[in-house]
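Novice: Below: sequence and its predicted model.
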There are 2 protein chains.
Amino acid sequence: SNNLVSDVEMFNSAVANAKPGDEIVLANGVWNNAELVFDAKGTAENPITLTVEEKGMVTLEGESNLQIAGEHLIIKGLVFKNGYTPTNAVISFRKNREELANNCRLTECVIDNFNNPERHVQDYWVTIYGKNNRLDHNHIVGKKNLGVTMIVGLDTKGSVENNHQIDHNYFGPRPTFGNNGGETLRIGTSHHALENSGTIVESNYFDRCNGEIETVSSKSANNIYRYNTFFECTGTLTMRHGNETLVEGNVFLGNNKPNTGGIRIINEDQIVKNNYLFGVTGYRFRGAFVVMNGVPNSTPNRYMPVMNSKLLNNTYVNCDNILFCAGSDDERSAPPTSTEIAGNIFYNDHKDNIFTAFDDVSGISFHDNIVGQNINTDIASGFTPADIKLVKNEQGFLIPTSDKIKTPIIISDKIGTKENTGTSWYSKEDRTIALNSGNTIAVKPGINTITAATRDSKPGDIIELTSGETYVLTKAAKVNHPLTFKSSGKEKAIILFERMMAFEIENGGSLALENLKFDGASAPDYAGNSVISTSKKSMTNNYKLFIDNCDFEDLIVNHSFDVLRVSKGTFADTISIQNSKFKNITGHIAALDTETDDIGAYNAEYVIMKNNILTDVQGVALRLYRGGKDESTLGPFLEMENNVFNHVGFGKKNKYDAALSLYGVQSNRIENNIFNETRPVDMHLVVGEPIVNILNNDFYKVDDMRVTGDQKYTVANSLSVDPKFS
Amino acid sequence: SNNLVSDVEMFNSAVANAKPGDEIVLANGVWNNAELVFDAKGTAENPITLTVEEKGMVTLEGESNLQIAGEHLIIKGLVFKNGYTPTNAVISFRKNREELANNCRLTECVIDNFNNPERHVQDYWVTIYGKNNRLDHNHIVGKKNLGVTMIVGLDTKGSVENNHQIDHNYFGPRPTFGNNGGETLRIGTSHHALENSGTIVESNYFDRCNGEIETVSSKSANNIYRYNTFFECTGTLTMRHGNETLVEGNVFLGNNKPNTGGIRIINEDQIVKNNYLFGVTGYRFRGAFVVMNGVPNSTPNRYMPVMNSKLLNNTYVNCDNILFCAGSDDERSAPPTSTEIAGNIFYNDHKDNIFTAFDDVSGISFHDNIVGQNINTDIASGFTPADIKLVKNEQGFLIPTSDKIKTPIIISDKIGTKENTGTSWYSKEDRTIALNSGNTIAVKPGINTITAATRDSKPGDIIELTSGETYVLTKAAKVNHPLTFKSSGKEKAIILFERMMAFEIENGGSLALENLKFDGASAPDYAGNSVISTSKKSMTNNYKLFIDNCDFEDLIVNHSFDVLRVSKGTFADTISIQNSKFKNITGHIAALDTETDDIGAYNAEYVIMKNNILTDVQGVALRLYRGGKDESTLGPFLEMENNVFNHVGFGKKNKYDAALSLYGVQSNRIENNIFNETRPVDMHLVVGEPIVNILNNDFYKVDDMRVTGDQKYTVANSLSVDPKFS
Ligand SMILES: [Ca+2]
Ligand SMILES: [Ca+2]
């Protein structure tokens, strides 16, 4: 029978009475706080279907979720948005550890930004248990809180050797999470690293799945990944645990975007063939192809050495890093053995040194590989230089051709595309709104004119203040979408504020400040003011902050008056401070130090400070902290260039006892700065191989740099010359 | 004319047209997000009045506030509740620095729990500027966020020598804030320490105003405090800055409650006379009477030495600490001079040593004081022992009598009482609900039965689980009022949980756990789980957590699995963990370390751990952190007694490298514990004189205790004996 149900009670009763062949239809409308348990038994011939009255017209919102248990069930057309699950899964293929779903199909379902408001509270969106389930043509976009988007669980016998098929799903953008737990798909766990999964993942489209360095984490044996497209993903398909995985016919389109990744291989009997990678730029564990070193006699949940594995007939076009024996260290000391790398093509028109070996590669047999003429390699043989031209094929891929390439390079027409994945009725359009994309709004000087203009603004707007005039905020301006504030002419508008912050970046907000002057004279007489702060609440959306050509003066009404103050549970894609002056400040310019759990989390991915002048700043110019030893992220990235630091860091309350304090930062570029009579630079280097270049700086009357942790870093061309400020 | 106005627009128009003698009447109902500016000019004979249709029937809610500017205005009957001000004041006696209120009266107004939801975002409730204003019969209760409740500002000429009168106000309970900025009344600021204020504060009732150690902070000259009652306030009336202050005829009823305070004196020409203090128990800066040492040649905003001051004819009944030269240290090295302490009566029936001198008292002339027979003092003369009896007077005060007491001790009938302060129409009833004051609710074993019972519970309820049965939480139990969970019989109920926490204490919640067993086996495979956590959002309400006779086992699914995890912006009155077992845990029992701004904030006032057994805990038993050097609080207080620590603190991720890590804790009692093969105890002692007693502990195979900071502490009767666990 066909049951149109309009509330959970009716749904429950329909489920309780469902017979093979029945259809349960959710009525159009918003289902708020609906926790559905679809527990029924259909048959192969007559499955029971849970579907919707009209596709796109049924949404599950608030604290909603779905548990599936039983046999031969089809779930079709549900949309989860505007809410989050109160449990650990939005859609789960089980009711509990005993009652699983088998032979079920989830199709044309949507989970769209269904995020727990707490960034660091964990959940999954889809947890797959049981056997023989298919998930196809689903649309899964915008996971922003802790936890893998989709997992295949193997924790009971009923879920191993599962024969699941995950195909034609659209995995939409997942932004950088800034910690472990940002994977898009994981099959298995470290606790069940040796289990046989037997899951097929094919013809899916991974669109900018950038949560962390593992876009796909394969943690079990016997899985197949084929015909998937990884579009500009800053992560890799990683064979983290388990053997006998086949990775075939996938496309990785890095498109020369920074930090895009390819395939990373660990364990035994892995086969990687006929994949096509274009413009994959990542390095370290995020390279285009990464063969890891293993741990001798490793437990299954550490790093099993690579053995009996094959990399065959793959095509690397403009991929920057092919890494062998990656992760080699005291513990990971076992290089690959009995492994074959053959028939691959490596072409790069802008980089000659794309191969790096971190340990002994004699256990890898290289043969019949073709490289572009310009490519250098230390590996003795197995690479034939060829005069390669790129030719666009019918699908639009740039295909290397050469008389040395005998077998034509073909991208399967089974490849997942934006068009053939997800649903036809749910838009894949990008809804991101950029800074400076809106209207310019002139705002008059006065009390709270900025606050009001902020409240009334639209995303992307530019709020223009009258040059040279004074603005007073007795209420903070709450920035909950991208907004720019600037002066109308050359002379800076002046901003005074009576609250603990002038601007508060709320969830969804990004802020650009240009050509403004901030004076701290009206701020409250308490410790802990800041000119800008993030929301004290968790923010699932990453924010951007750009400060350009601004002056910050006399932040001195009380101690610990910072320029920027960030809260735990917030994450910046970019914090850029350029061409600005900071003078007479009792706190820090920016202490990005609130993720103190030491589990790998941090506050900002890219931090850029260029061409600034700091004078009499009692706190640090920057504290950037990433605690813990997690290897799931490669940030934060720091660029600090052409700044002048003059008397910085000497405040008694500056607990970092430094002008610049960096802890666990993964990429450190500090170049062409002048440090004049400041506290020293302090760095603690941990995890992987932090990149540290401290070049061409002048340290005058500055104590020696302190470096703890790893002792691998580059300091060169340091001067100690009086900069002769007047 | 009499204008009944029903929205802000009508109000504004009535104000714009107001003539002397007019009355503007707010219509009954909720005024939501109403920001009122009452800017008008009445005359002494014909003031303009802002009042309400019916007292108690007009409430300003949401983001509301009131600014008063002009002359001869009366504001009467407004109630602010269910919201907070978006600016720095709820009621301000000015529009801006230029436009002030003079000759105005605020009467019978109420501000009730009108708190910014962010505990550490600052505001005031009433800011008084201008001259000749009167605030009387107002009801001000429940400030819980950062910032003094009521201030008199002196920042422009128009506000000094102000002749304000603050009388017959009811200052209701303000709970411990756990940081600076919890004062109830402040007159002046450090920046204007030498200004003449001339404010009279009389006949007010301060009911448990416990925000911090200064209930009243007098920071200007020439103020009068008389006939006020301080009922069980854990703070003092402090003459922080300014000279010629008169403190006369006040009553301080400590009623033997812990940490109640009296009068603290700094600066010159201060007079303290005819005050009555009963059962004031506080010590250090919170004593019943505290004469501070000063800083030689002090700037006005540090500590001016006490000079030419008088303490005359005050009565101290059962007050525990009378302190001279308090705060003496390297900086505060100038003892009082030309000061007179005469005619006072000191009676204490349970403590003989109530006087302490921290430096030279030769600059104080003591004479004609009377002390109880039992009281000892090192001060050579000026104290006459007397046989004192306490006799209850008509007002109910216990009055010392003796043939040596010639002048009868009289409490003025102008004294503020709960009855003659505040309004007659707004209840002063205490709405606090205690743990275990509600019904007992039996809850069946199963999935989320606890979650559902929690959701459906009433404040004070006891939720009873079936002994020996298993409960599974796939959703966290959110505790938003006081709740107790316990087993029905002797055998413990077992609780498993699939979220990152089993219990989440939300704003308003308190939690007692009795006779339960927690097993971490079902928790998510991520770092950072905990059995109990506070809300990740700021909590303005202090919470209590009692754990008694519980077992916590196998919290090991991933690293950093804690028992209790607290968030920044939350504060516990009490965390008590007693008679419980902790075994096999990858994280901490409790790391109370999230207030990292180092401005004096911390996470819990009282921490008690007694009679517990900890085995194989990788993190710390306790990290308790109070950063900064603020002297506004005397917590946290730690009692750690009769515990067994067995292999505690050895986890690689335990960054505290200790079994017990205490930083800035003000009172440390560590007695009768056994430390067996654990990491050591680590203490950093700062601020004032932390009390440290480490007595009768057995340290077996434990590295030496590390103590940094001050080196004044007591370690005695330590053993190093094998406890011979099997
Ligand atoms: Ca990961
Ligand atoms: Ca204070």
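Specialist: Perfect, I can see it now. Ligands and ions are numbered 1, 2, ... in the order given.
Novice: Helix, strand, or coil at the residue in the stretch 101-250 of chain A that ligand 2 sits nearest to?
Specialist: Going by CB to the ion, ligand 2 is nearest to A:E118 of the stretch 101-250 of chain A, at 32.6 Å. Every residue, glycine included, has its C-beta placed from N, CA and C. Of the three states, A:E118 takes coil under DSSP: H, G, I helix; E, B strand; the rest coil.
Novice: The residue in chain A that ligand 2 sits nearest to: neighbour count?
Specialist: Chain A approaches ligand 2 most closely through A:Y526 (9.9 Å), counting by CB to the ion. By other CB atoms under 10 Å in any protein chain shown, the residues close to A:Y526 number 21.
Novice: now the helices for the stretch 401-550 of chain A?
Specialist: With DSSP state H, counting those that start in this stretch as the criterion, the stretch 401-550 of chain A has helices at A:449-456.
Novice: My error: substitute chain A in the last question.
Specialist: A:8-16, A:449-456 (DSSP state H).
Novice: Quick check: A:T59 touching A:W31?
Specialist: Yes - between A:T59 and A:W31 there is a contact at 6.8 Å, judged by CB atoms under 8 Å.
Novice: which one is the residue of the stretch 101-250 of chain A closest to ligand 2 nearest to, not counting chain neighbours?
Specialist: In space, and not counting its chain neighbours, A:E118 is closest to A:S538: 4.7 Å by CB to CB, 6 or more residues apart in numbering or on different chains.
Novice: List phi and psi for whatever residue of the stretch 401-550 of chain A ends up closest to ligand 1.
Specialist: Residue of the stretch 401-550 of chain A nearest ligand 1, by CB to the ion: A:N542 (17.9 Å). Here is the backbone geometry of A:N542 (degrees, to the nearest 10): phi -70, psi 150.
Novice: Settle this for me: it is touching A:G569, isn't it.
Specialist: No - contact criterion CB under 8 Å: A:N542 and A:G569 do not qualify, at 11.9 Å.
Novice: residues in contact with the closest residue to ligand 1 within the stretch 1-150 of chain A?
Specialist: Minimum separation of the stretch 1-150 of chain A from ligand 1 (CB to the ion) falls at A:V148, amounting to 8.2 Å. With contacts taken as CB atoms under 8 Å, 6 or more residues apart in numbering or on different chains, A:V148 has the following neighbours: A:Y124, A:G181, A:G182, A:E183, A:T184, A:L185, A:R186, A:S217.
Novice: Can you lay out these as TSV showing distance to ligand 1?
Specialist: Shown next, in TSV, are these (distance: CB to the ion, whole Å):
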residue	distance to ligand 1
A:Y124	13
A:G181	6
A:G182	7
A:E183	5
A:T184	11
A:L185	12
A:R186	8
A:S217	6
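Novice: ok, the residues you listed vs A:T377, which is closest?
Specialist: Using CB to CB, A:S217 is the member of the contacts of A:V148 that lies nearest A:T377, at 29.5 Å.
Novice: Compute the distance between the residue lying closest to that closest one once chain neighbours are set aside and A:R286, please.
Specialist: For A:S217, ignoring the flanking residues on the chain, the nearest one in space by CB to CB, 6+ apart is A:R186 at 4.3 Å. Using CB to CB, to the nearest Å, A:R186 is found at 17 Å from A:R286.
Novice: what's the answer for A:F231, then?
Specialist: As judged by CB to CB, A:F231 and A:R286 stand 16 Å apart.
Novice: Where does the prediction get shaky in the stretch 201-350 of chain A?
Specialist: Nowhere does the stretch 201-350 of chain A drop to pLDDT under 70.
Novice: In it, which residue sits closest to ligand 1?
Specialist: Using CB to the ion, A:E214 is the residue of the stretch 201-350 of chain A that sits closest to ligand 1, at 4.8 Å.
Novice: count of neighbours near that residue?
Specialist: For A:E214, the neighbour count with other CB under 10 Å is 27.
Novice: and chain A, which residues reach ligand 1?
Specialist: Taking CB under 5 Å from the ion, the part of chain A that reaches ligand 1 is made up of A:N180, A:E214, A:S632.
Novice: Recalculate using a threshold of 6 Å.
Specialist: Within chain A, the residues that sit near ligand 1 (CB under 6 Å from the ion) are A:N180, A:E183, A:E212, A:E214, A:S632.
Novice: Just those residues: which are in strands?
Specialist: A:E214 (DSSP state E).
Novice: Between the residues of chain A next to ligand 1, which sits nearest B:T236?
Specialist: A:N180 (49.5 Å).
Novice: Please list all residues in contact with that closest one.
Specialist: Contact analysis of A:N180 by CB under 8 Å, 6+ apart lists A:E212, A:I599, A:G600, A:D630, A:S632, A:T633, B:Y526, B:A527.
Novice: Would you check how far apart the residue lying closest to the second one once chain neighbours are set aside and B:G619 are?
Specialist: Spelled out, that is A:I599. Of all residues not flanking A:I599 in the chain, B:A527 sits nearest, at 4.0 Å (CB to CB, 6+ apart). In this view, B:A527 and B:G619 are 12 Å apart by CB to CB.
Novice: near chain B, which residues of the stretch 101-250 of chain A show up?
Specialist: A:E118, A:H120, A:V121, A:Q122, A:L146, A:G147, A:N180, A:G181, A:T189, A:S190, A:H191 (CB under 8 Å from any CB of the partner chain).
Novice: In JSON lines: those residues, plus pLDDT.
Specialist: Putting those into JSON lines (pLDDT from 0 to 100) gives the following:
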{"residue": "A:E118", "pLDDT": "96"}
{"residue": "A:H120", "pLDDT": "94"}
{"residue": "A:V121", "pLDDT": "94"}
{"residue": "A:Q122", "pLDDT": "96"}
{"residue": "A:L146", "pLDDT": "96"}
{"residue": "A:G147", "pLDDT": "97"}
{"residue": "A:N180", "pLDDT": "93"}
{"residue": "A:G181", "pLDDT": "94"}
{"residue": "A:T189", "pLDDT": "92"}
{"residue": "A:S190", "pLDDT": "88"}
{"residue": "A:H191", "pLDDT": "85"}
